[in-house]
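>>> how does the following fold in three dimensions:
(one chain, ligands or ions: 1)
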Amino acid sequence: VIDDLIDSIQLATQKVLRLFDIPKTPVTDPIYGANKPKVTKLHYDFIVVGMGAGGCVIANRLTEDFRSTVLVIENGQEDNVITDIPAANPYTLLTDYSYNFETEPDPNACQGMVNQRCPWASGKGPGGGTILSGLIWTRGNYRDYDNWASLGNPGWSYQDVLPYFLKTENMMEPELRNSPYHGKHGFVPVEYVRYVTPLLNSFLKAANFFGYRIVDYNNPYTHVGFSQIQSVVKGGERVTAATAYIKPILYRKNLYVQMRSRVTQILINPLTKTAYGVKFVKRGAVRVAYARKEVILSAGAFNSPQLLMLSGIGPADHLKEIGIPVLQDLPVGDGLKEHVGMHGLTFLINQRVNLAPLSVFQGIVINALKYFLTSSGVLKTLGCEGVGYVKTKYSNLSRAQPDIELVFIPSAFNTDAGVLLRKTFAVGDELYDYTYREIDGVDSFSIWPMLMYPKSQGIVRLKDGNPFNQVRIWHNFYSEGVDIAMMVEGIKKAVQIAKAPSFRKYGSILHRTPFPQCKQYAFGSDDYWACAVRTMTTTWHHQCCTNRMGQVVDYNLRVRGIKRLRIVDTSVFPEIPGAHTQAPTYMLAEKAADIIKAEWKMYSIKVS
Ligand SMILES: Cc1cc2nc3c(=O)[nH]c(=O)nc-3n(C[C@H](O)[C@H](O)[C@H](O)COP(=O)(O)OP(=O)(O)OC[C@H]3O[C@@H](n4cnc5c(N)ncnc54)[C@H](O)[C@@H]3O)c2cc1C
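Here you go, the predicted model:
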């Protein structure tokens, strides 16, 4: 009551000051999803920074208790009809829906990319990464979470987290819906993708040909094998974290969402080391919002460490160098992990059974009509169709734990003549012109291997004290030799799969013009592929582990040494799971919400 009274007085004062035009802080704001502007408050129970996968879940679950007010602050702009179209993601990746980070140059990797830097997309807008994502739904191996627990994080073993994976999910496929390893009542619909090419069938038959089973890879007993991709779509349309978790609850009076607002600092009392609010900038004006209970950081694996460091929490040496007073010395920004890949394999075919982006552009009117009027057609493609989990000879994991994921892509860099896909991965001119120009627009497909358990780890640091500057990222990809050896084996397995009889009927052949940086090696030799992975280095956008549980946060996700500050996003993963990171983030946030509610004795809405 007192806080509300203070709010009213402060807001009334601001209104009066506004009559004289000082300061310019408005007292009403367009709030995401509200029909008319809501009066902004200064005090909330919880402030959530970032409306990505983690932030959306937290905002939803905490507002189940109508006594608690929650403000979500999101830097990005509102979503729209284009962002819902799964096929639009190579385009949206190049827009302001992504932060478009870049890595620091490193002779070990990214050598064929523009300026020898790998681009690294990270979502910006309602849903964060899920507004850009390939929508692939994978959980990883049960041992991933047993490992989290064994690293000193009780409560995070597979048995502990499985209920939260189930709570998240609404499996729509009848054959999987009744499995004890799938949920039916969650906010996240999961389907097989609506639009696939005939090549998917060839991919799955090829797997059978080489002795792999068709499996439910999200079942802990059948991880090794192949499948059509389980994906986060409804009726073939993209479902972001905001679509799933925020839009259905926008009517809640205790939920406030500020878009286009960049948090620049967490406000922390230096004497008590207690977080009490945030500073943010909206439309050029600096504002503050106060949290009665907690500030929850969900700004992602690059921006959460940035905000901590800007607020005096991080490696002391680095903060001193930048000139930021040190509040708490913690290994923030260390241990960055990513599933590194090599997207350059190109298999040419002699029939147009693939995804041909140029014809999709040419027929855009018909394709758009199909999408909007009949909910069908090529715009429902994810751009990836199948997935396979295999083991290489270098794996020291158990028999049931794969170490390479193979993603089947019904097109390749050359298929759109280098117009879009190549740009999203910043493939350099020298590489593209030498290797792919001669096959511009030729029908083709690709298989993208992904290293599931990279050993190499990178570092995130501030460039300077300006909160609007991007962080600096040292990826350190392939600093551990075993990562290269495994990727080479993964590539060889992809090449083998594409040789199966099921692909031969399309005249499938591997494009053998080498990368210019690797032409000194015999094409297809281990040395050639090792050079290829250092040249055509691609990220899968699964950045994580930069504020690790057990190091920067405790197993209840509270920042060590600071009160009332928690982190709920991929940055707290104690180790990268063998999964695309969206499902693990939803799981993490669902569990975090229960932890927070228990601490503050809050209500939940029960689902059957
Ligand atoms: C291109 C791409 C493709 C992907 N494909 C897949 C896939 O197919 N399958 C899968 O499982 N996963 C995929 N992912 C990964 C998945 O989307 C992420 O792991 C997940 O979204 C991470 O959630 P998060 O909560 O950690 O952060 P994010 O979802 O990144 O959300 C962070 C949010 O915080 C906001 N923010 C950051 N800084 C500030 C600030 N200072 N002030 C205010 N707001 C701020 C950001 O704008 C963003 O909206 C993909 C990601 C990308 C980028």
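>>> every contact and neighbour count from this point should use C-alpha atoms.
OK.
>>> so how many other residues sit close to the spatially closest residue to residue 233 that is not a sequence neighbour?
Closest residue to residue 233 apart from its sequence neighbours, by Cα to Cα, 6 or more residues apart in numbering: residue 239 at 5.2 Å. With neighbours defined by other Cα atoms under 10 Å, the count for residue 239 comes to 27.
>>> pretty sure residue 239 sits against residue 83.
No: under the criterion of Cα atoms under 8 Å, residue 239 makes no contact with residue 83, lying 9.7 Å away.
>>> before we move on, back to that, show me the contacts for the residue nearest to residue 233.
By Cα atoms under 8 Å, 6 or more residues apart in numbering, residue 239 lies in contact with 84, 130, 188-189, 232-233.
>>> and the ligand, which of those residues contact it?
Among the contacts of residue 239, proximity to the ligand is found for residue 130 (Cα under 6 Å from any ligand atom).
>>> hmm, back to that, which pLDDT value does the model give the residue nearest to residue 233?
On the pLDDT scale, residue 239 is placed at 96.
>>> residue 19 now?
Value listed for residue 19 in the pLDDT field: 53.
>>> same question for residue 529.
On the pLDDT scale, residue 529 is placed at 98.
>>> how about residue 379, secondary structure?
Here residue 379 takes the helix state, with states given by DSSP: H, G, I helix; E, B strand; the rest coil.
>>> now it: closest residue in space that isn't a chain neighbour?
If the residues on either side of it in the chain are set aside, residue 379 comes closest to residue 87, at 5.0 Å by Cα to Cα, 6+ apart.
>>> and that neighbour, what does it touch?
378-383.
>>> next one: residue 507
Counting by Cα under 8 Å, 6+ apart, residue 507 makes contact with 348-350.
>>> quick one: residues contacting residue 88.
Neighbours of residue 88 in contact, by Cα under 8 Å, 6+ apart: 82, 379.
>>> check residue 118 too.
102-103, 110, 425-426, 537-539.
>>> quick one, strands of the stretch 401-550 of the chain?
404-409, 444-451, 458-461, 472-474, 509-510, 538-539 (DSSP state E, counting those that start in this stretch).
>>> and residue 251, how far from residue 60?
Look at residue 251 and residue 60: by Cα to Cα, to the nearest Å, they are 11 Å apart.
>>> and the two? which has more neighbours close in?
Ranked by neighbour count (other Cα under 10 Å), residue 251 and residue 60 place residue 60 first, with 23 against 11.
>>> okay, that one: pLDDT?
The model's pLDDT for residue 60 equals 97.
>>> and it, what helix or strand is that in?
Using DSSP states H and E, residue 60 sits within helix 53-62.
>>> in its sheet, what does the helix or strand following that helix sit against?
Once helix 53-62 ends, the next helix or strand along the chain (criterion: DSSP H and E) is strand 70-73. Note on strand 70-73: by DSSP bridges, its sheet partners are strand 43-49 (parallel), strand 255-258 (parallel).
>>> could you pull up the mean pLDDT of the last one?
The average of the pLDDT scores along strand 255-258 is 94.
>>> what's the angle from the helix or strand following it to strand 43-49?
Remark: after strand 255-258, the chain's next helix or strand is strand 261-269, criterion DSSP H and E. With axes from the mean of the first three to the mean of the last three Cα atoms, to 10 degrees as the basis, strand 261-269 and strand 43-49 are set at 120 degrees to each other.
>>> and the ligand, is strand 261-269 touching that?
Yes: on the criterion Cα under 6 Å from any ligand atom, strand 261-269 is in touch with the ligand at 261-264.
>>> the residue lying closest to residue 445 once chain neighbours are set aside: neighbour count?
The shortest distance from residue 445 to any non-neighbouring residue, by Cα to Cα, 6+ apart, is to residue 411 (4.1 Å). Around residue 411 there are 26 other residues, counting by other Cα under 10 Å.
>>> list the contacts of residue 411.
Here residue 411 is in contact with 354-356, 383, 443-446 (criterion: Cα under 8 Å, 6+ apart).
>>> farthest pair within those residues?
383 and 443 (14.5 Å; Cα to Cα).
>>> surely residue 106 is in a strand?
No: Residue 106 is assigned coil when assessed by three-state DSSP, not a strand.
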